[in-house]
Every structure is written in C-alpha cells, then in structure tokens.
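> What would the 3D arrangement of this be:
(chains A, B, C and D)
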There are 2 protein chains.
Amino acid sequence: MPTLADVAALAGVSKATASRALGRPDLAAPETVARVRAAAEQLGFVPNRAATQLARGRTGVVAVVVPTLDNTFFTPIIGGAQARAADSGMQLTIAVHSLEHAAQVAAVEQLAHQVDGFLLTAPRGSDEIVRAAASFKPTVLIDREIEGMTSVVADTATAFGTLVNRFVEMGHERIVYIGGPAGSWQDRQRQAAIRAAAGPSGATLTMLGPHPSTFAAGVETAEAVVAARATAVVPYATSIGLGLMFALLHRGVRDVVVSSERMIVESLGLGDVPAIDVDGEKLGEVAMDQLMALLGERREPSPTTRRLTVPIS
Amino acid sequence: MPTLADVAALAGVSKATASRALGRPDLAAPETVARVRAAAEQLGFVPNRAATQLARGRTGVVAVVVPTLDNTFFTPIIGGAQARAADSGMQLTIAVHSLEHAAQVAAVEQLAHQVDGFLLTAPRGSDEIVRAAASFKPTVLIDREIEGMTSVVADTATAFGTLVNRFVEMGHERIVYIGGPAGSWQDRQRQAAIRAAAGPSGATLTMLGPHPSTFAAGVETAEAVVAARATAVVPYATSIGLGLMFALLHRGVRDVVVSSERMIVESLGLGDVPAIDVDGEKLGEVAMDQLMALLGERREPSPTTRRLTVPIS
DNA sequence: ACCGGTTGCGGAACCGGTTGCATGAGCCTG
DNA sequence: CAGGCTCATGCAACCGGTTCCGCAACCGGT
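Residues are numbered from 1 along each chain as shown, chains lettered A, B, ... in the order given. So this is what the prediction gives:
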C-alpha cells in the first residue's frame, strides 16, 4: 500500500510538496503538481483516511440520525445524503434513534466524537432536547424547524392543505385526517394546514390519531374511518394509508378515497385520486449540501431553512 | 478535549501505561488500571478514533453493501449489523450498489481503502463478480452462498417449500409462485425448493417472473394470477405480495390466498393464511459477528455458512 | 545470598498525512 | 544594481494513540 512518502520519492520531491501538490494544487508549481499526480496515479496512491483525519482534526464522517429504518420515508433521504457525501469524499454512518428522551442525547454525544456533523431526521421530542443533541457538532435538521437551527423541510403541510382543498372541490363532505406519531412536528404542521384548508369549506373534518407510521396502524383506523362515514381520507404516512386502504377493501368498502403516493395511485389505476410525492432523495441531498456548507465555513453561519416543494397530482 | 496524555498525567503514569491500562488491562497492575480508569472517567476521555486507527492500521469501519434501501428486507439487516458493530466500537457505512456489473466492483475497491471489511447483502451478478468485490477485504455474504466464502443465509428456500406443502395440504390445486429479481440467487433457491415440494403433490404450479421486489410489480402480476386461476400465491417479496393482494381486492377477487408476513396476516385478521417471517435483524447480527470473527483471526479462517431458520406460521 | 524468570512500567519510535516556518531563487521596482 | 517581494520547496513538528524494547523490582528456588 503506497504512502505519500512513496509518491514523493517517485516524483522527486518532499512529502510536504507532494501533500500540497495533491491537496492544494494552487500552492505548488504546475509542473510539480503534474509530476506528483502522475506518480500518485502510477502507484495507485490512496490517502490514508485516518492519517488525514488525525492531522486535520476532522473525521470525514457525518452521521444521519433517523428514528427508524422501517419507514420508507427515511430511506430515500439516507440514499440522497449518502450520494452527496460520497461526492465530497465523506462517509456516512447511520444511527437509529428517536430523540424523544434525554438519554438519547447522550447517545448522540457519544457519536459526536466520531463525526464532523449530524443530519437529524424528523426528530421528535422538545426543541430543547433537539438543541441539546445538536450542540455537539454542526447539525442540519431534516423535516423539522427549530428557531436558530439550519433545517431542510419538505413542505408537506402546504401540500396536505392543498390536498384537502382538492377533496373539497371534488365534492367530499366528510374528510378524515389520520394523524402521525405522537410528538411529530410534521404532524402538527399538517394538522394546522388541514384545519385551515377545511375550515371555510363547510366540509366535516375528523382528526384521528396519533398513530405510528405503520401498516398495522392503518388497518386499525378503518373502523373509525367507517364510523365517521368519511368519503375521503388523508393519512399521515404512506404505510398508514396502505393499511387503511387494505382494510377497507377487505371489508368490502370501495367508496372511500384515500390519498397516497403517485406510484401507488398509478399502479393501481386509481384514476383521479390526488397523489402526493415527497422527493426524499432530494431532501437528503439538500440537507447534506447544507451541512457541507456549515462545515466549510469558519464562523457560525446564519441558520437557514430550505423549503422543498412537494408536488401533488 | 482530553487526550491520553492528560489521562496519563492525572493518573501519574506514562502514556504507554495508560494505553495499556485502558486497552489491555491484563498487561497492567490492577491498581494502576483502576487509577487510570478513574482518571479517564473524571476527564471524560474518549479515545480519538483516527489516532487509534492510524496506529493500529485499521479503520474501525465496516461497510454494508445493499442493492437498495427501498426494500424492507434489507433495512432490518442494516439495523442488526449496526447494533452489533456499535457493540464492538465499530462504525458502519452503508453503500447502495448492486454488484451486477464489473464497474461496481471498482466502487467497492474504492471503498475498500476506508473500511476493514464488507457485508455484501444479496449480491446479484456472477460468482466471479462477487468474488472480485470480496477480494479486497474480509467479506461476509448475506443471503447468498458462494463456494469458499463465508455467508449467512436465511433459509427461505426451505421455508418456501414448506409453504407450498402447506398450501397443498390445505387443498389448493393451482399455486402460483411470483419470482423475484432477475439473477437473484435466493430466487433460484426458492424456485428449486418450491418445485421439489409441489412436484409430487399433483398440484399445478405456475412460475411467474422475474419481477423486481416492488409494490407496482405485484400489482401487475394480478392479471397473470387470475389467468392462471390460482387459488394460492407465494410471492418472492412482501412488497410484491402486497401489490398483488391489493390489485386482487381491487378487482373484487377475494378467493385467492397470498402468503405474506405474519404482521400483515395478523393485522388484517387473515386467519389461516400461512405467514413467513424473516428475522432480518438477526441476519444482520449474525453476519456482523461472523465478520468480526474474520477480522479477529490472524490466518485465513475456513469459510462457513450460517443458516438461519425462517419461521412459518 | 545468588540467580533465572516473571511482572509492571517508561522511553521512544512509529502510523501517514498536514502545516508553520525558514530558505533560497527569481522577479520587479526605483 | 540593490532592496524587497513573491513563489516554490524542504525541514521538522505535530495530530493522538499503540507497541517494541529495555530496565528495574520482585518472585521463588537452591
């Protein structure tokens, strides 16, 4: 395994020059850069990460914290983040935690020593808990906004409001919203948006929940949905909606419209059921970009919120 | 941020002794170990990973390679592996690759410099491609067996065979198997097991596929399932089965039994539909244990296959 | 009392990069 | 042509642990 010293020797320069030629080409003579690069190429030189990290005081790793891997909402986010991280030569570690309890802040602190920054995905818990978790290293929030922190959110609240409007326009008069997990920030946003949208319309809005984002939970809501004599349902998560649709069909109920992802609506040929699509990959990419920006800056940059539009069809 | 030198100073010993006291307690006097530990505790000492890695020549990171994150089969595996890795103070990076093409071996090679070992999950492609990818670092295969390599497989083939037997016993005479992705090793195993199980029974077996493990693909098989006048279906993946069940219900077809995960069967109250459950977490844990064992041994250990039983109910 | 053998510890080299500082060559300007 | 600059480069310290090696104290045995 060739080291920088080998490269330097082959190129006829010192380690220092070789290092600069590869890492900061502007600090070395063009001709030297070329020679060093050629040598590195020839030897198949790959810098030792640990050495670089040690010398620079950075780990080159960022952690993505997700509440669970069982939810298809999070996995594309991870994929997007991973892709962007790889582009910058960074590695990604995945940590599964829900930041509801103070104990989990300790877990994050433990991790903090081993990474340069965090992506916290849809953290539950209070603002204070999240702030505490973010206090160790530069952090970008995904799908949650907290005053003073950088975050990237999919604007699902607006989208859900639009969805309800759509249902109202379609003539639905009894609409049910199936809420997400207890303590979910997104859920609160969506509830507010949905209430605002439905309020003036005269349609009856029934709010159910909280529910975990699982298929089983969706199945269990069928009873209540039927009891509410709803004709349209807006579920918090795809998995909930799927369980519900399933249970309804299973009961022989065929006249309730449940909004879902475009993929599902289309593959089933559900026609004019409004579909909603969150581009999780994009979410992950943008969040990682933000984090990279944070890591790049010397001084604390001002917190930003990037709001990604969520398409409805 | 306290360093080992700080700990050593506080404990009144040298760096060398401090290092030994913490890392190899058997090499130091018990009393010294206690003093050093106390000092470390008091200072909140956390060893610098990069330094350790550099000194030891190991990265402390292992990579899990999965074909996709969109399949709920893989995510629990990652979870299990992650948990075990964390127990050993190792980190996990996730790489999303399908090892079908030679080009992706290069991607693995790139990663190889940054990790100590690999977990390759359900790699497609030829044995040679997988061998090439595994040639860089110690590697454990998950859900695929290749001569001469260590692997951990869920014995779903046997389980699927049993499943078909069960259907036959229940009186089903036209059974459909919906195949998984093209080139899937598991799919080949299952096909063989299913054929062997159904062969002597006199039941008609229709093999469909290949299909990707998606909901949409499942929906699309409904046509063929109906055409085959099947009364029982065994789908390759949960997602396929879900799509199929959905499409069938949607068409008003209610007399076709589709095997699925226990969770789904139970939440829907599907009664006596046989359910199959792969403990992905366990799979990940065992695989990681095997990898740790590989990493621990000096000499090349003999390859092993751990076969995990998959429960059916 | 002497000796070979353990045992616990410290000194120092080392892992493989990065970077502050010094040096010297070459260039511009007055 | 001298003084001052910039630019390219090398030397060496450094990041924070790990580990080889040697030394000294201490053990029991004869």
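> Where does A:Ala107 fall, secondary structure wise?
According to DSSP states H and E, A:Ala107 maps onto helix A:102-112.
> Of all the residues in that helix, which ones are buried?
Using 16 or more other C-beta atoms under 10 Å in any protein chain shown as the test for burial, helix A:102-112 gives A:Gln104, A:Val105, A:Ala107, A:Val108, A:Glu109, A:Leu111, A:Ala112. Every C-beta, even on glycine, is put in place using the N, C-alpha and C of the backbone.
> so can I have CSV of those residues showing pLDDT and distance to DNA strand C?
Shown next, in CSV, are the buried residues of helix A:102-112 (pLDDT from 0 to 100; distance: C-beta to the nearest atom of the strand, whole Å):
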residue, pLDDT, distance to DNA strand C
A:Gln104, 85, 33
A:Val105, 87, 31
A:Ala107, 83, 29
A:Val108, 86, 27
A:Glu109, 83, 25
A:Leu111, 83, 23
A:Ala112, 85, 21
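> Out of those residues, the closest to DNA strand D would be?
Distance to DNA strand D across the buried residues of helix A:102-112 (C-beta to the nearest atom of the strand) is lowest for A:Ala112, with 14.4 Å.
> pretty sure that closest one contacts A:Pro138?
No. Using C-beta atoms under 8 Å, A:Ala112 makes no contact with A:Pro138, being 10.4 Å away.
> Mind listing the shared neighbours of these two?
Counting by C-beta atoms under 8 Å, 6 or more residues apart in numbering or on different chains, the shared contacts of A:Ala112 and A:Pro138 are A:Phe118.
> Strands along chain A, start to end?
A:61-66, A:91-96, A:117-121, A:139-142, A:150-154, A:174-178, A:204-208, A:232-235, A:257-258, A:305-308 (DSSP state E).
> Present the ones you listed as TSV; the columns should include mean neighbour count and distance to B:Val7.
Putting those into TSV (neighbours: other C-beta atoms under 10 Å in any protein chain shown; distance: least, C-beta to C-beta, whole Å) gives the following:
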stretch	mean neighbour count	distance to B:Val7
strand A:61-66	25	24
strand A:91-96	23	26
strand A:117-121	26	27
strand A:139-142	26	28
strand A:150-154	23	35
strand A:174-178	24	53
strand A:204-208	17	55
strand A:232-235	27	53
strand A:257-258	22	59
strand A:305-308	15	42
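> Out of these, which gets nearest to chain B?
The minimum distance between chain B and the strands of chain A falls on strand A:91-96, with 5.0 Å, by C-beta to the nearest C-beta.
> got the contact list for the closest one?
A:60-69, A:78, A:81-82, A:85-86, A:107-108, A:111, A:114-115, B:61, B:78-79, B:82, B:91-94, B:114.
> Report pLDDT for the closest residue to DNA strand C within the stretch 101-250 of chain A.
With C-beta to the nearest atom of the strand, the shortest gap between the stretch 101-250 of chain A and DNA strand C falls at A:Asp116, namely 13.8 Å. Each residue has a pLDDT score; the one for A:Asp116 is 92.
> Tell me the spacing between it and A:Gly57.
The gap separating A:Asp116 from A:Gly57 is 10 Å, by C-beta to C-beta, to the nearest Å.
> Pick out whichever of these two has more residues nearby.
A:Asp116 (21 against 10; other C-beta atoms under 10 Å in any protein chain shown).
> where does the more buried one fall, phi/psi-wise?
phi -90, psi -20 (degrees, to the nearest 10).
> what's the nearest residue to the residue positioned nearest the centre of chain A if we skip its chain neighbours?
For chain A, A:Ile77 is the residue whose C-alpha lies nearest the centre (C-alpha atoms, centre = their mean; 4.2 Å). Once flanking residues are discounted, A:Ile77 sits nearest to A:Gly284: 3.9 Å by C-beta to C-beta, 6 or more residues apart in numbering or on different chains.
> Just give the number of residues close to the one you found.
Using other C-beta under 10 Å: A:Gly284 sits among 28 other residues.
> before we move on, what about the one 3 residues further on?
The number of residues packed near A:Ala287 is 28, by other C-beta under 10 Å.
> Now do the same contact list for the closest residue to A:Asp6 other than its chain neighbours.
Distances taken as C-beta to C-beta, 6+ apart place A:Leu43 nearest to A:Asp6, at 5.9 Å, with adjacent residues excluded. Applying C-beta under 8 Å, 6+ apart, we find A:Leu43 in contact with A:Pro2, A:Asp6, A:Val7, A:Leu10.
> Going along the chain, name the helices of the stretch 151-300 of chain A.
A:156-169, A:185-198, A:215-227, A:238-251, A:262-267, A:280-296 (DSSP state H, counting those that start in this stretch).
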